[in-house]
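Student: Sequence unavailable; structure follows:
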């Protein structure tokens with residue numbers, strides 16, 4: 001979505017409200033091309049409109065036509081790169097961005113978009129260099145400041161991130177995405193009041209942006225404003241019915257309110273929208289555990305582990321296996337959790353309890369002593385990790 005944020009702004013600048021005037025814009029460029037089939041700029045702008053309409057194949061033809069008419073048009077390569085990025089043709093998209101930069105070395109937007117692509121494919125250092133260059137060429141690029149801030153926030157440079165978010169807002173006080181992201185950073189830093197203010201501002205500027213409603217819902221849930229959180233999650237889903245994260249977050253809230261069936265329904269939708277959503281399977285498994293559906297819960301934990309092995313899921317599955325008297329399976333899961341996270345106090349604590357229970361029912365004195373010693377060792381380790 002971030003890759004195409006500028007498209008919406010671009011089109012609004014051209015013709016006002018995109019949602020209202022999309023058809024008029026298309027009619028305008030269709031007429032322009034009919035009047036002059038050699039107008040490469042008309043093909044470029046019509047291609048952008050077709051991206052907005054999700055008409056990818058036709059948009060590609062327009063960009064190809066523009067490049068055929070004007071092989072030195074950097075904007076055409078840039079926009080075709082955007083489309084290829086959307087179609088996950090990353091190698092070809094990179095080539096188009098590089099050609100755009102080669103043709104126009106001062107093309108700030110091309111550096112910005114290449115930075116987005118580099119971030120997408122995991123080249124964080126390359127992305128940062130591109131954002132730096134984009135900002136150097138266009139110091140008023142709110143998009144570039146915002147994206148650079150996002151990376152700094154993930155890298156733990158909170159001061160640098162906050163400064164970049166502030167610069168983005170200084171460059172464009174109506175940049176809704178920046179308010180949303182700055183709000184998230186403020187929440188992480190414990191400034192809940194500042195975070196709420198930023199979320200409110202973001203929604204005021206862009207009432208259709210689902211992510212901000214979801215983030216504000218998370219904050220309200222933490223502040224125990226459950227009714228307000230539910231309203232925000234509902235709004236997020238209304239604005240983007242394909243947002244798996246919104247369903248997931250609403251599922252967590254419903255679980256906290258002990259509405260387990262409704263929570264499962266939301267987790268079902270989350271994994272339907274995103275079959276690789278490991279946390280959604282894990283949390284759905286927890287709801288099934290609460291409903292004493294242990295075997296079904298284990299199936300969800302199995303899927304979660306297959307997608308993204310995590311200590312907390314192994315611990316949970318170990319506990320579930322004890323419920324169905326699979327002692328060997330439970331111990332294996334606790335062992336695996338410790339292997340993945342050697343400093344996980346909960347894993348040692350659960351394994352200690354497992355050894356204690358086994359020792360209690362062990363009749364062989366030698367084995368009983370061995371289990372007791374293991375339990376004590378794990379207890380000591382768990383306590384040391386909790387300090």
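Tutor: Received, thanks. Please read these numbers as outputs of a predicted model, since none were measured by experiment.
Student: State the pLDDT value of residue 85.
Tutor: pLDDT, the model's per-residue confidence, is 95 for residue 85.
Student: Next, the contact list for it, please.
Tutor: The neighbourhood of residue 85, defined by CB atoms under 8 Å, 6 or more residues apart in numbering, consists of 3, 93, 113, 116, 117, 120. For every residue, glycine as well, the C-beta is placed using N, CA and C.
Student: Go again with 10 Å.
Tutor: By CB atoms under 10 Å, 6 or more residues apart in numbering, the contact list for residue 85 reads 3-4, 92-94, 96-97, 113-114, 116-117, 120-121.
Student: For it, which non-adjacent residue is closest in space?
Tutor: Taking CB to CB, 6 or more residues apart in numbering, and ignoring the residues beside it in sequence, residue 85 has residue 93 as its nearest neighbour in space, at 4.4 Å.
Student: Am I right that that neighbour is in contact with residue 60?
Tutor: No - using CB atoms under 10 Å as the test, residue 93 is too far from residue 60 to be in contact (11.7 Å).
Student: The two: which has the busier surroundings?
Tutor: When neighbours are counted by other CB atoms under 10 Å, residue 93 comes out ahead of the other of residue 93 and residue 60, with 25 against 18.
Student: Report all helices and strands that the helix or strand that contains that one contacts.
Tutor: Using DSSP states H and E, residue 93 maps to helix 90-103. With contacts defined as 3 or more CB pairs under 10 Å, 6 or more residues apart in numbering; DSSP states H and E, the packing partners of helix 90-103 are helix 56-69, helix 74-86, helix 108-120, helix 124-137.
Student: Rebuild those as TSV, extending it with distance to residue 277.
Tutor: Converted to TSV, the helices and strands packed on helix 90-103 look like this (distance: least, CB to CB, whole Å):
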stretch	distance to residue 277
helix 56-69	25
helix 74-86	22
helix 108-120	19
helix 124-137	24
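Student: per-residue confidence at the residue nearest the centre of the chain?
Tutor: Central residue check for the chain by CA atoms, centre = their mean: the C-alpha nearest the mean position is that of residue 245, 7.9 Å away. Per-residue confidence (pLDDT) for residue 245: 97.
Student: My guess is it contacts residue 274. True?
Tutor: Yes - with contact taken as CB under 10 Å, residue 245 and residue 274 are classed as touching, separated by 8.3 Å.
Student: Now do the shared contacts for those two.
Tutor: Between them, residue 245 and residue 274 share the neighbouring residues residue 280, with contact defined by CB under 10 Å, 6+ apart.
Student: Show me what the host helix or strand of residue 48 is packed against.
Tutor: Using DSSP H and E, residue 48 falls within helix 40-52. For helix 40-52, the contact count by 3+ CB pairs under 10 Å, 6+ apart identifies helix 5-15, helix 18-35, helix 56-69, helix 74-86 as packing neighbours.
Student: out of those, which comes closest to residue 150?
Tutor: Smallest distance to residue 150 across those (CB to CB): 12.3 Å, for helix 5-15.
Student: how about the helices in the stretch 251-387 of the chain?
Tutor: Ranges of helices within the stretch 251-387 of the chain are 260-273, 278-290, 294-307, 311-323, 327-340, 345-361, 365-386, based on DSSP state H, counting those that start in this stretch.
Student: Make JSON lines out of those and add mean neighbour count, mean pLDDT and distance to residue 27.
Tutor: As requested, the helices of the stretch 251-387 of the chain are exported to JSON lines (neighbours: other CB atoms under 10 Å; pLDDT from 0 to 100; distance: least, CB to CB, whole Å):
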{"stretch": "helix 260-273", "mean neighbour count": "20", "mean pLDDT": "98", "distance to residue 27": "34"}
{"stretch": "helix 278-290", "mean neighbour count": "23", "mean pLDDT": "97", "distance to residue 27": "43"}
{"stretch": "helix 294-307", "mean neighbour count": "19", "mean pLDDT": "97", "distance to residue 27": "46"}
{"stretch": "helix 311-323", "mean neighbour count": "22", "mean pLDDT": "97", "distance to residue 27": "54"}
{"stretch": "helix 327-340", "mean neighbour count": "18", "mean pLDDT": "97", "distance to residue 27": "58"}
{"stretch": "helix 345-361", "mean neighbour count": "19", "mean pLDDT": "96", "distance to residue 27": "62"}
{"stretch": "helix 365-386", "mean neighbour count": "15", "mean pLDDT": "95", "distance to residue 27": "67"}
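Student: Now distance to residue 125 too, for those helices, in a markdown table please.
Tutor: Output for the helices of the stretch 251-387 of the chain, formatted as a markdown table (distance: least, CB to CB, whole Å):
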| stretch | distance to residue 125 |
| --- | --- |
| helix 260-273 | 32 |
| helix 278-290 | 27 |
| helix 294-307 | 28 |
| helix 311-323 | 30 |
| helix 327-340 | 28 |
| helix 345-361 | 35 |
| helix 365-386 | 34 |
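Student: who wins for proximity to residue 186 among those helices?
Tutor: For the helices of the stretch 251-387 of the chain, distance to residue 186 was read as CB to CB. The smallest value, 23.6 Å, belongs to helix 278-290.
Student: rewinding a little: which one of the helices and strands packed on helix 40-52 has the most crowded surroundings?
Tutor: helix 74-86 (a mean of 24; mean count of other CB atoms under 10 Å).
Student: Over to stretch 270-287 now: how far is its first residue from its last?
Tutor: End-to-end distance for stretch 270-287: 14 Å, by CA to CA, to the nearest Å.
Student: what's near enough to touch residue 303?
Tutor: If you count contacts by CB under 10 Å, 6+ apart, residue 303 has them with 271, 275, 276, 277, 278, 280, 281, 282, 284, 285, 313.
Student: That concludes my questions; thank you for your assistance.
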